[in-house]
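Novice: Structure, please.
(chains A and B)
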Amino acid sequence: METVNITPAEKTAAVPAVRKKRKWTADHWLAAAFLAPSVILIFLFVYGFIAWTGYVSLSNWNSLVPDWSFAGLKNYLYLFHDFRFQADLRNTLVFTVLFIAAVIVLGQLLAILLDQKLRGESLFRNIFFFPMALSFVVTGVVWQWLFNPSTGVNLFLKPLGLDSKWYTDTTILGGFHWGKIEFGIPVAIIAVVVAAVWQMTGFAVAMYLAGLRAIPDEVREAARMDGATEFQLYWKIILPLLRPITVSVIIIMAHISLKIFDLIYAMTGPGANFVTDVPGVYMFETTFRGNYYANGAAIAIVMLLSVAIFIVPYLISSRKGGS
Amino acid sequence: MARSVWARPFLYLLALAMSVFFLLPVYVMIATSLKPLDEVTLADMWKLPSTIDWSSYATAFDKLAPNFWNSILLVVPATLLSALLGALNGYVLSKWKFKGADTLFTLILFGMFIPYQSILIPLIQFLREIGLYNTIPGLVFVHVVYGIPITTLMFRNFYAAIPDEMIESAKIDGAGFVRIFRYIMLPLSITGFVVVAIWQFTNIWNEFLFAVTITTSDKQPIMVALQNLSGSQIVQWNVQMAGALLAALPTLLVYIFLGKYFVRGLLAGSVKG
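Specialist: Numbering: from 1, shown residues only, chains lettered A, B, ... in the order given. Now for the predicted structure:
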């Protein structure tokens, strides 16, 4: 995909001699001039605005009128002692783990299934992929109805003795006290996870499928010659080969899940006892409905840091690796 | 490829079962949207409508049409501008590399992963200052700026596949930065533009956070209006489902007709450059 990245070892070798012959011509200035507006925009609107948000999060601006006086870490301390934010952290963790696990398992399963040369393969593929073309808002609206406790999937599940209250359920599974909240798996989150998995699994399937197609047939043939069963072939050989793709899937799904807002806002909102609340929803409501700008900024910075933990190492390693 | 006798039917059964999971919401959406209101009861949710009633589409269309139009006014210029910007950036960052170009690229790329909540407060202040708050051009601007990382990534990867020798020989023939772009890169970029445009079109059409915070009432794009439908006193589920289908239609159509390019965009944006 990519032109060769120069590793430090090569830099000292023959490459510079070739490189240096190239003069910095007027065309290079022109190239830089074409790139400059984008670079300036990104530095201002991404890095500059992040710094600005960071500054707001350290200020006393918690009303309609900006108050730039310095508050130190007051807003952060408030958040981490706040029932709602503690619930958000629990929900985000539970949502992220369940969501990523389900997307990976289902993604691999469906990709392998599509790789079996079934008749109607492209039809199946399109059925698994199309939800990606939809908005999280549409998904939220539809699944809100499907998981309506008095109807929806419950009409099928009731005869089986199951009667979940889904996203209106305030039960926390495996709960124990942690700070101000009960830590555990909120039942209500499961409904949101199902909707998110429905929408995003296609993404993982597409990536795994590309990975499967890149594995040469000789690998499979050699394994079969050695007497491996189909199950062994996939479990011992193919899946390990797909591991780098799993890393990419985890990174992409993690950053989607850590900043999720629209799906939950459209489907359930914060929920009773904040069982389906997430930082994205809290930030939106407290900032733009409640005018607690400094608190909202602090939530945003916490969100950014949680995403950065995944993304920064990923970006640095993909640059070094030359992918 | 599985060889035992029972394996193939099992695989088909699995594929069918999964298809049911993926299509169920669509069935409910379409069935509900075609029902008259008195049939939209909780107990009858899974049943087909007894007669086909288009009135929920008429109602949904009445309510959503202005916002649908807003979304068109937003998505067309935003897609075109960000694709063009991405093509230029990708060209520079792949064929006119300078010292530090890769670092700069990584710094640009970071912008596509950030939660937009972390720039939203200053962004709105800024848009108010320059008078673009609550305007479609304001939203276009926002999507162009925050679309730079992904479009740059896609075009950079796309252009990396064009051999450097072509550029070198064009230079020897006396072609410069602009001519090479115009006569070599652009003609080879049709697929790139299709992929990037479809990706941006889908994302901008479906976007919600910027839309809901930067615009109010009559300037709101379709997704905000759809969300507002459920905020009204009594939720009319048939209208709601018809509205969801109308809102989803453009991106669904793009997917149905150009799905191949959509998936290519997905892979180009996720498999690291």
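Novice: For the rest of this, base every contact and every neighbour count on C-alpha atoms.
Specialist: OK.
Novice: Okay, strands next: where are they in the stretch 201-323 of chain A?
Specialist: Remark: no strands are assigned in the stretch 201-323 of chain A by DSSP state E, counting those that start in this stretch.
Novice: Around chain A, which positions in the stretch 101-250 of chain B sit nearby?
Specialist: Counting by Cα under 8 Å from any Cα of the partner chain, the stretch 101-250 of chain B comes close to chain A at B:102, B:106, B:108, B:110-111, B:113-115, B:117-119, B:121-123, B:145-146, B:148, B:157-158, B:160-161, B:176-177, B:202, B:205-209, B:213, B:223, B:226-227, B:230, B:240-241, B:244-245, B:247-248.
Novice: pLDDT score assigned to the residue of the stretch 1-150 of chain B found nearest chain A?
Specialist: Closest contact between the stretch 1-150 of chain B and chain A, by Cα to the nearest Cα, is at B:Ser118 (4.7 Å). Model confidence at B:Ser118, given as pLDDT, is 96.
Novice: And A:Gly175, by the same measure?
Specialist: pLDDT, A:Gly175: 73.
Novice: Pull out the buried residues from the one helix or strand it maps to.
Specialist: Assigned by DSSP states H and E, A:Gly175 falls within strand A:172-178. Under the neighbour-count criterion of 16 or more other Cα atoms under 10 Å in any protein chain shown, strand A:172-178 has A:Ile172 buried.
Novice: Given whichever helix or strand comes after it, what are its sheet partners and their directions?
Specialist: Under the assignment DSSP H and E, the closest C-terminal helix or strand after strand A:172-178 is strand A:181-186. According to DSSP bridges, strand A:181-186 forms sheet pairs with strand A:172-178 (antiparallel).
Novice: Help me confirm that B:Phe68 is found in a helix?
Specialist: Yes: with DSSP: H, G, I helix; E, B strand; the rest coil as the criterion, B:Phe68 is part of a helix.
Novice: For my notes, confirm B:Leu48 occurs in a strand.
Specialist: No: B:Leu48: not assigned to a strand; according to three-state DSSP it is coil.
Novice: I'd say it and B:Ile30 touch.
Specialist: No: here B:Leu48 lies out of contact with B:Ile30, judged by Cα atoms under 8 Å, at a distance of 9.2 Å.
Novice: if you skip the residues just before and after it, what's nearest to the residue of the stretch 1-150 of chain B closest to chain A?
Specialist: With sequence-adjacent residues excluded and distances taken as Cα to Cα, 6 or more residues apart in numbering or on different chains, B:Ser118 is closest to A:Ala300, at 4.7 Å.
Novice: my read: that neighbour touches B:Pro122, true?
Specialist: No: look at A:Ala300 against B:Pro122 with Cα under 8 Å: they stay out of range, at 11.9 Å.
Novice: how's chain B carved up into domains?
Specialist: Per the record, chain B has its domains at B:1-53, B:58-270, by automatic domain parsing.
Novice: between these, which has the poorest average model confidence?
Specialist: domain B:1-53 - the lowest mean pLDDT of the domains of chain B, at a mean of 82.
Novice: And for the residue of the stretch 151-273 of chain B found nearest chain A, nearest residue in space, chain neighbours not counted?
Specialist: Nearest residue of the stretch 151-273 of chain B to chain A: B:Asn206, at 4.5 Å (Cα to the nearest Cα). Of all residues not flanking B:Asn206 in the chain, A:Ser135 sits nearest, at 4.5 Å (Cα to Cα, 6+ apart).
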